[in-house]
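Enquirer: Quick one, structure for this:
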Amino acid sequence: MSTSQPKLSIRNLQKQYGTNVILRGVDIDVYAKEVIVIIGPSGSGKSTLLRCINGLETINGGEVYIDDQKIVHTPQAIQKVRQRIGMVFQSYNLFPHMTVMENLLLAPVKVQGRSKTEVLPQARILLDQVGLLDKEDSYPAQLSGGQQQRVAIARSLVMNPEVLLFDEVTSALDPERVRDVLDVMKDLAARGTTMLIVTHEMGFGRDVGDRIIFMDQGVIVEQGPPEQVFGNPQEERTRQFLRNAM
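Expert: Alright, predicted model coming up:
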């Protein structure tokens, strides 16, 4: 992919709950401005992988590095990591008692110590990018699911993360709302945002991904450019999955 230093390195990552092994030694290098799309059946470890990268799950073995700096699992260190590695979830996790703008301002002001006057113009630009500038004074309950998810993306972006993780962000949406969210993510990819995207939307993954990773049973079965993984998969397990998924 590149001879430059990876933005994010995952080395022999292992995760288990009791005797249930979820990740069995995963290795990935992610380069700046690269979009990696992770596909695979439910229970293959995709979402757990993202949660381990972002410090939401402790790991049982291996290491995660950002810019060659090892991520350590102390509360203070993880808080700093989450300022650099943003995450957007299936559920929007917006604060229902706050307006859209208040949701966007909360973390930059409280966590990063930035002034409201500094953050406000950036937040408005981001709301405009996701097509929701006219909703800044609305409450989450007044928005559709797709609109709430686009607010959640803007809320992650206002922290100026170096890497963005997306965990099945369209899976809870009505089919009519999926396209709006995917369009926002395509725009982010075009702007050079470094992203890891877990998705069941195969057509979207093919369009937006620089590299496709197919996971099953806690390991990477196959990876490569979209035209190879989708058009000429090398592994029988990949072919079997895509026959059912496409």
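Enquirer: residues of the helix-or-strand element of the chain with minimal mean pLDDT that come out buried?
Expert: Comparing helices and strands within the chain by mean pLDDT, DSSP states H and E singles out helix 75-84 as the least confident, with a mean of 84. By neighbour count, with 16 or more other CB atoms under 10 Å as the criterion, the buried positions of helix 75-84 are 78, 81, 82, 84. All C-beta atoms are positioned from the backbone trio N, CA, C, and that covers glycine.
Enquirer: Would you check that the first one makes contact with residue 57?
Expert: Going back to what we said before, that points to residue 78. No. Under the contact definition of CB atoms under 8 Å, residue 78 does not touch residue 57, with a separation of 10.7 Å.
Enquirer: picking that back up, which residues touch the least confident helix or strand of the chain?
Expert: 54, 55, 66, 71, 111, 112, 159, 161, 162, 163 (CB atoms under 8 Å, 6 or more residues apart in numbering).
Enquirer: Please convert these to JSON lines, extending it with distance to residue 184 and pLDDT.
Expert: Listed next are the contacts of helix 75-84 as JSON lines, based on distance: CB to CB, whole Å; pLDDT from 0 to 100:
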{"residue": "54", "distance to residue 184": "20", "pLDDT": "90"}
{"residue": "55", "distance to residue 184": "25", "pLDDT": "88"}
{"residue": "66", "distance to residue 184": "24", "pLDDT": "92"}
{"residue": "71", "distance to residue 184": "27", "pLDDT": "87"}
{"residue": "111", "distance to residue 184": "23", "pLDDT": "87"}
{"residue": "112", "distance to residue 184": "23", "pLDDT": "89"}
{"residue": "159", "distance to residue 184": "16", "pLDDT": "92"}
{"residue": "161", "distance to residue 184": "15", "pLDDT": "92"}
{"residue": "162", "distance to residue 184": "19", "pLDDT": "93"}
{"residue": "163", "distance to residue 184": "17", "pLDDT": "94"}
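Enquirer: Out of these, give me the two with the largest separation.
Expert: Pairwise distances among those were taken by CB to CB; the largest, 18.4 Å, belongs to 71 and 112.
Enquirer: between the two, which one's more packed in?
Expert: More neighbours surround residue 71 than the other of residue 71 and residue 112, with 22 against 13 (other CB atoms under 10 Å).
Enquirer: Spit out the contact partners of that one.
Expert: By CB under 8 Å, 6+ apart, the residues touching residue 71 are 55, 63, 64, 65, 77, 78, 81.
Enquirer: mind checking the SS state of the residue nearest the centre of the chain?
Expert: If you average the C-alpha coordinates of the chain and look for the closest C-alpha using CA atoms, centre = their mean, you land on residue 165, 1.7 Å from that point. Reducing the assignment to helix, strand or coil with DSSP: H, G, I helix; E, B strand; the rest coil, the entry for residue 165 is strand.
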